[in-house]
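1. let me see the structure of the following:
(chains A and B)
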Protein chains: 2
Amino acid sequence: MRIGLDVGGTKTDALAIDESGVVTARARLATGWGSDAVVQTVLDAVAALTGEGGIDRASVRSVGIGMPGQVEPGTARVVHAVNLGVAELDLAAVVGPALGVPVRVENDVKAAALGAYVLHGGVGTTGYLNLGTGIAAGIVRGGELWRGARGTAGEVGHISVDPHGPLCRCGQFGCIEAFAGGGAIAERWARPGALPVRDVFDAADAGDPAAIALRSGLARGVAAAVRVLVLTADVDAVVLGGGVTALGDRLMADVSAELAASAAASPFMRSLHLEERVELLPAGSPAAALGAALIGDVRDTELDGAAALTSS
Amino acid sequence: MRIGLDVGGTKTDALAIDESGVVTARARLATGWGSDAVVQTVLDAVAALTGEGGIDRASVRSVGIGMPGQVEPGTARVVHAVNLGVAELDLAAVVGPALGVPVRVENDVKAAALGAYVLHGGVGTTGYLNLGTGIAAGIVRGGELWRGARGTAGEVGHISVDPHGPLCRCGQFGCIEAFAGGGAIAERWARPGALPVRDVFDAADAGDPAAIALRSGLARGVAAAVRVLVLTADVDAVVLGGGVTALGDRLMADVSAELAASAAASPFMRSLHLEERVELLPAGSPAAALGAALIGDVRDTELDGAAALTSS
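-> Take a look at the predicted model:
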């Protein structure tokens, strides 16, 4: 049995998969704030799976943890997990002894990319595009996560696609994230509300010009990221996930229209069939927790066998 | 002994490497026009290496050929090699029997990417950015060429980086290739001359405003492609090659200035150290022929061993 956790800014998603990759237990709980509370959340999540979840503690052979923030390559050290109030934390060193099994940590978007690859059928090359406060991607081919040289693989959010576009918090103008990041949209919308991107869509539906511009920028940014992933890494499919994808078809309709417009203008773009290659991760899909479970004790290159076996 | 050919629009570069990957013979000849003449060029190039080149014909165990145009995955069929007057040609089927050794064919940019990786030291992840009539890239990690799902990996030239930029021949506006492709620059310069990009640089040095704008667009396009390769695939280094790089330091100075400007504006871009990660393939470097020789009879995943052994 392998356990996977997706430790998010507000909630932690936990699951256990058996040797065939089938999900056998799942739990959700609130994430604590700060290093100590995050450690406690991890321990509580494992306890929930082995308690109410009915998983035999002795059968657990690894715990994989997906977290926002930078994970230093080859280590379990997380740095700059600002959404969790964690400046620096070596989770494996802290929770490993308490759990008594190997603990591995991965950036949450990379974990979700691996989970999305498996959920997408576990074949070929998949690009996972996370639409949350920021924009980032993960690329998986043949079950192997593309890690790159220095940890910036998939940072497509900071590719500028318009020198006259909005200023990005990174300092450049017209970054994909400045158009399509939930944080950037909320900042430019600048009105109170718990779900600012949804508010923007509602206001756009009601005819608000500022909201229409923001909504169209979001679609433009997502479409640009899709093109970057296909034209650089030639992924079979781009799977969209992350908080903003809760908008579902409302988001997809705009993104499809944007891709259709570039296909109409360009025979080359048309030949790529981008519209058919973009899909939404189903709502509530445990991609990041699943990917974390797989990362927990399997080397990336060994994932092929587990690829097609997962259900939820 | 393995032979590699780079069959270009005007010239064909041929070399032989020994079992350690050391270049032992080299020849250059004019490329014929049309399928029959291209086949003859290939036979002549091999004859030059085994004749004047002093290579024992019996020691040749494979021939790899890099060519412009699309090479169908897993085959030696080249289609749309417009610069060679070739609509469709199965080179292995035609020249294989005459040469009596296995013949493999690869797109010339992909072959050059593999050669550039080896020339760059044969470790880590290398992006090769070809600046010619068009713009295309190849990504090599651990000796393996990233092939992607459908043959468009590395087509970064058709990523739009400015919706108000020049119309690209692909139908989109502001593609990297519309800014930085030698063909697009020549078309917009629209004055006679055998080396239009060099003419643009000379005119820009003399203060011509149109030439200054074209030169700055070239640097902007190249810098954008470098950012795309680093932010998507996180390559250690971007090696620039192709005809336009004959401009050498004149080109590099502009590209470096462009990268420095974005580093000055953005702490995130600064953290990537892009200026230090870009380099020029040395003039006359046989990257594509070398890569073709390696592709000739070694499976991609077997290249690691050959990586550090090549000299010229």
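2. what about stretch A:16-30, start to end distance?
-> One end of stretch A:16-30 sits 18 Å from the other (CA to CA, to the nearest Å).
3. let me redo that: stretch A:177-188
-> OK, stretch A:177-188 end separation, CA to CA: 13 Å.
4. now do the buried residues in it.
-> A:177, A:178, A:179, A:180, A:181, A:182, A:183, A:184, A:185, A:186, A:188 (16 or more other CB atoms under 10 Å in any protein chain shown). C-betas here are computed from N, CA, C, even on glycine.
5. need those residues in CSV (columns: distance to residue A:32 and secondary structure).
-> Formatted as CSV, the buried residues of stretch A:177-188 follow (distance: CB to CB, whole Å; DSSP: H, G, I helix; E, B strand; the rest coil):
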residue, distance to residue A:32, secondary structure
A:177, 27, helix
A:178, 31, helix
A:179, 33, helix
A:180, 30, helix
A:181, 25, coil
A:182, 23, helix
A:183, 22, helix
A:184, 27, helix
A:185, 28, helix
A:186, 24, helix
A:188, 31, helix
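6. and the pLDDT for residue A:279?
-> As predicted, residue A:279 sits at a pLDDT of 95.
7. oh, that last question was meant for residue A:303, not what I typed.
-> 41.
8. how about residue A:144?
-> pLDDT, residue A:144: 90.
9. count the neighbours of it for me.
-> 17 (other CB atoms under 10 Å in any protein chain shown).
10. the one 5 residues further on too?
-> By other CB under 10 Å, 19 other residues sit near residue A:149.
11. measure it to chain B for me?
-> In this view, residue A:149 and chain B are 4 Å apart by CB to the nearest CB, to the nearest Å.
12. pull the contacting residues for that residue.
-> B:124, B:125, B:234, B:235, B:236 (CB atoms under 8 Å, 6 or more residues apart in numbering or on different chains).
13. most neighbours among those, which one?
-> Most crowded among the contacts of residue A:149, counting by other CB under 10 Å, is residue B:235 at 29 neighbours.
14. pretty sure residue A:240 is touching residue A:283, no?
-> No: assessed by CB atoms under 8 Å, residue A:240 is found out of contact with residue A:283, at 11.6 Å.
15. who has more neighbours, those two?
-> residue A:240 (22 against 9).
16. could I get the contacting residues of the more buried one?
-> Counting by CB under 8 Å, 6+ apart, residue A:240 has contacts A:129, A:131, A:222, A:251, A:252, A:255, A:278, A:279, A:280, A:281.
17. for the fifth one, phi and psi?
-> Meaning residue A:252. phi -60, psi -40 (degrees, to the nearest 10).
18. got it, and the second one?
-> The phi/psi pair for residue A:131 (degrees, to the nearest 10) reads phi -110, psi 100.
19. okay, and the beta partners of it?
-> residue A:135 (DSSP bridges).
20. now it: how far from chain B?
-> Relative to chain B, and taking CB to the nearest CB, residue A:131 is found at 17 Å.
21. what do you get for the fifth one?
-> The spacing between residue A:252 and chain B, counted by CB to the nearest CB, is 21 Å.
22. name the nearest residue to that residue, sequence neighbours excluded.
-> Computed as CB to CB, 6 or more residues apart in numbering or on different chains, the closest residue to residue A:252 that is not its neighbour in sequence is residue A:280, at 5.9 Å.
23. surely the one you found is in contact with residue A:245?
-> Yes: counting by CB under 8 Å, residue A:280 touches residue A:245, with 5.6 Å between them.
24. list residues touching both of these two?
-> residue A:251.
25. tell me which of these two has more neighbours.
-> When neighbours are counted by other CB under 10 Å, residue A:280 and residue A:245 differ, and residue A:245 comes out ahead with 21 against 18.
26. what does the pLDDT read for the more buried one?
-> pLDDT at residue A:245 comes out at 96.
27. contact partners for the residue in the stretch 201-312 of chain A positioned nearest to chain B?
-> Among all residues of the stretch 201-312 of chain A, residue A:234 sits closest to chain B, at 2.4 Å; criterion: CB to the nearest CB. Residue A:234 makes contact with A:125, B:146, B:147, B:148, B:149, B:150, B:151, B:152, B:153, B:154, B:155 under the criterion CB under 8 Å, 6+ apart.
28. could you rerun that using 6 Å?
-> B:148, B:149, B:150, B:152, B:153 (CB atoms under 6 Å, 6 or more residues apart in numbering or on different chains).
29. hmm, back to that, name whatever forms a beta bridge with the residue nearest to residue A:252.
-> The partner residues for residue A:280, given DSSP bridges, come to residue A:240.
30. ok, back up a step: so how far is residue B:57 from the residue of the stretch 201-312 of chain A closest to chain B?
-> Going from residue A:234 to residue B:57 by CB to CB, to the nearest Å gives 38 Å.
31. now do residue A:5
-> 62 Å.
32. these two - which one has more neighbours?
-> residue A:5 (32 against 14).
33. now do that one, the pLDDT please.
-> 97.
34. and it, what element?
-> Using DSSP states H and E, residue A:5 maps to strand A:2-7.
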